[in-house]
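**Student:** How does the following fold in three dimensions:
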Amino acid sequence: MKLLVATTNQGKASEIESVLFGMFEEIVSLSDLYSVRPPAEIGTTFQDNARLKAAYYREKTGFAALADDSGLMVEALGGSPGVKTARFAPSAEEGISKILSRLKHLAIPNKLQSRHAYFECALCLDAGDYKIEAKGKVEGLIPLNPAGKNGFGYDPIFYYPPLEKTFAQMTLAEKTSVSHRSQALTILKGKLESHFAKKRTTINRR
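**Tutor:** The predicted structure is shown next:
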């Protein structure tokens, strides 16, 4: 079975492929296919958007489609940018500047804990005859300044205390071991393995 990872973000695609490698005959992303106009992300939650994107791309391509919707929630900003993370600013760089500017009043060292934030990810794999969903979440802090050149999006301003690094300072292996997306993918992979095992058992009984 071919799996379509419904994203043009190569960073996301690489993270997903590294976890699901070997589970499908082939894994492709939207960048590998002809242009498909994206759907409007009108959901009020990450899970809503993941579901609608997975269903949309499965119908458009005929492949099993795995869609994710994820975002950054900053407590001092009332949970913003949240479900609107991808549309918070014209680019991630501008979004980073916007967030840091709004947190300037929390720059005093003893208020650093007030810069608490978390990343959340919702996944939906829609194959037509079955659907699998999973969620992941990771907590951290927004540092005073961006750091690191790896990763993508808001990774330079998401500091993960246990490793004392921002996501953008981590190697892919380090990020994969702790990220919200890898947590969701691990859960989804377990559910997928269970589904395939039941399917094989059903076929063998015939």
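
**Student:** In this structure residue 125 contacts residue 188, no?
**Tutor:** Yes - assessed by C-beta atoms under 8 Å, residue 125 is found in contact with residue 188 at 6.4 Å. Just so you know, the C-beta spots here come from the backbone N, C-alpha and C atoms, and that holds for glycine as well.

**Student:** Comparing those two, which residue is more hemmed in?
**Tutor:** Neighbour count, other C-beta atoms under 10 Å: between residue 125 and residue 188, residue 125 has more, with 26 against 23.

**Student:** Is that one in a helix, a strand, or coil?
**Tutor:** Of the three states, residue 125 takes strand according to DSSP: H, G, I helix; E, B strand; the rest coil.

**Student:** Return the per-residue confidence for it.
**Tutor:** pLDDT, residue 125: 97.

**Student:** cool, and the one 10 residues further on?
**Tutor:** The per-residue pLDDT reported for residue 135 equals 97.

**Student:** In terms of helices and strands, where is it?
**Tutor:** strand 131-141 (DSSP states H and E).

**Student:** before we move on, what SS does residue 23 have?
**Tutor:** Going by three-state DSSP: residue 23 is coil.

**Student:** Skipping its backbone neighbours, what lies nearest it in space?
**Tutor:** residue 192 (6.4 Å; C-beta to C-beta, 6 or more residues apart in numbering).

**Student:** got the contact list for the one you found?
**Tutor:** By C-beta atoms under 8 Å, 6 or more residues apart in numbering, the contact list for residue 192 reads 20, 23, 125, 132.

**Student:** With distance to residue 73 as extra columns, can I get these in CSV?
**Tutor:** CSV is the format used below for those (distance: C-beta to C-beta, whole Å):
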residue, distance to residue 73
20, 26
23, 30
125, 24
132, 24
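
**Student:** Most neighbours of all the residues you listed, which one?
**Tutor:** residue 125 (26 neighbours).

**Student:** hmm, back to that, quick check: what element follows the strand holding residue 135 along the chain?
**Tutor:** That would be, after strand 131-141 and using DSSP H and E, strand 159-160.

**Student:** And the strands in the chain?
**Tutor:** Ranges of strands in the chain, per DSSP state E, are 2-5, 26-29, 64-74, 116-126, 131-141, 159-160, 165-166.

**Student:** Between those, which one is closest to residue 148.
**Tutor:** Nearest of those to residue 148, taken as C-beta to C-beta: strand 165-166 at 4.8 Å.

**Student:** any idea of the angle the strand holding residue 135 forms with strand 64-74?
**Tutor:** 20 degrees (axes from the mean of the first three to the mean of the last three C-alpha atoms, to 10 degrees).

**Student:** Pull out the buried positions in strand 131-141.
**Tutor:** 132, 133, 134, 135, 136, 138, 139, 140, 141 (16 or more other C-beta atoms under 10 Å).
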